[in-house]
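> whatever this is, show me its structure:
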Amino acid sequence: MKRFAPVIVLLVLTASCSNAEKPAAGAAVPGAASTTADLKAGRAAAAACARCHGMDGKSTAPEIPHLAAQNPHYLVHALTAYRQKVRGSAPMQDTVGSLTDADLENVAAYYASLEPIKPTGVARSGPSKPTARPATAVAAGKAAAAACAGCHGADGNSAMAGTPHLAGQDAPYFAAAMRAYKDGSRRHAVMQGAVAALSDMDITNLAAFYAAQTPRLPKARIPLPPEEWAEKCDRCHEPAIENPVIAFPKIRGQPASYIAKALKTYQEESSRASSIMHAMAAPLTEEEISAIAEYYARQPPR
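Down below sits the predicted model:
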């Protein structure tokens with residue numbers, strides 16, 4: 001790895017709930033669950049990240065965090081902080097400096113959608129030096145991690161939108177990040193307070209414990225672009241000409257305002273009866289409804 005690799009690693013361990021490392025006041029902070037997220041575009045943009053974080057979200061060195069199945073809300077927060085240069089790492093700042101809000105959302109959604117990295121039972125200490133995780137260190141780390149569970153989850157899988165998952169992260173990366181908080185080179189008031197009383201052995205044990213935990217896919221719903229929603233809608237509303245369905249209205253070319261109003265009405269089960277449409281419309285956000293309505297309004301009737 002190049003000399004700056006240990007700097008890049010400080011990406012994935014800061015909860016976004018404190019005052020430190022927050023984006024500049026008044027700046028737009030994109031939401032990782034935004035309906036504009038596009039997994040294909042996210043994969044394309046992630047090519048710039050692959051040298052260190054891998055296209056599969058598995059880091060290429062033990063000092064660099066895995067991003068597969070990471071909390072998308074957290075990733076957007078962290079990347080925004082790098083882009084605004086309120087989080088230190090020149091390589092990361094350069095990488096994300098030209099990315100738009102949509103790019104950040106797409107990259108975050110892409111990495112969040114990937115299968116989690118499965119713990120192997122060994123810790124990476126270098127490119128070719130795997131070492132077994134001592135059971136005593138994992139047990140001691142579990143006890144110490146009780147204080148972290150409120151934000152990061154008992155097993156390192158956080159249920160908080162702005163907080164990163166720690167499960168499955170390589171021990172060298174985790175330990176380096178904790179020591180950076182402890183010596184003040186990484187600023188975050190909550191984390192600095194949390195690690196202040198930890199000994200070097202405590203940090204080593206915590207690193208072993210979290211590295212041994214199995215990461216899970218985040219619960220955040222990965223949004224679909226309108227084209228993918230249309231594939232679902234077309235099964236009833238715009239079926240193949242050779243197999244027409246006449247029980248459902250055609251919606252291509254309908255006014256966007258009409259389609260949007262209908263979908264919102266179906267979300268209110270008492271207003272319009274259709275168990276199928278209630279189920280389809282229930283999870284849609286305002287942005288998704290608008291995107292779907294505008295998509296169909298642009299399509300030529302057939």
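
> so where's this protein uncertain?
Low-confidence segments of the chain (pLDDT under 70): 1-37, 120-133, 219-223, 240-247, 269-271.

> domains of it?
Domain assignment for the chain by automatic domain parsing gives 5-212, 226-298.

> run a quick neighbour tally on residue 90.
Other residues within reach of residue 90, judged by other Cβ atoms under 10 Å, total 12. Bear in mind the C-beta positions are built from the backbone N, C-alpha and C, glycine included.

> quick one, phi/psi of it?
Taking degrees, to the nearest 10, you get phi -60, psi -40 for the backbone angles of residue 90.

> how close does it get to residue 187?
From residue 90 across to residue 187, the span is 16 Å (Cβ to Cβ, to the nearest Å).

> and for residue 261?
48 Å.

> just the strands in the chain please.
Along the chain, counting by DSSP state E, strands occupy 122-124, 130-132.

> return the residues in contact with residue 107.
Contact analysis of residue 107 by Cβ atoms under 8 Å, 6 or more residues apart in numbering lists 42, 45, 46, 49, 75, 79, 99.

> 10 Å instead, please
32, 37, 39, 41-46, 48-49, 53, 67, 72, 75-76, 79, 96, 99 (Cβ atoms under 10 Å, 6 or more residues apart in numbering).

> pull out the buried members of those residues.
Burial by neighbour count, judged by 16 or more other Cβ atoms under 10 Å, picks out 32, 37, 39, 41-43, 45-46, 48-49, 53, 67, 72, 75-76, 79, 96, 99 from the contacts of residue 107.

> and stretch 140-153, end to end?
Distance between the two ends of stretch 140-153: 17 Å, counting by Cα to Cα, to the nearest Å.

> buried stuff in that stretch?
140, 141, 142, 144, 145, 148, 151, 152, 153.

> ok, and the closest non-adjacent residue to the fifth one?
In space, and not counting its chain neighbours, residue 145 is closest to residue 209: 5.4 Å by Cβ to Cβ, 6 or more residues apart in numbering.
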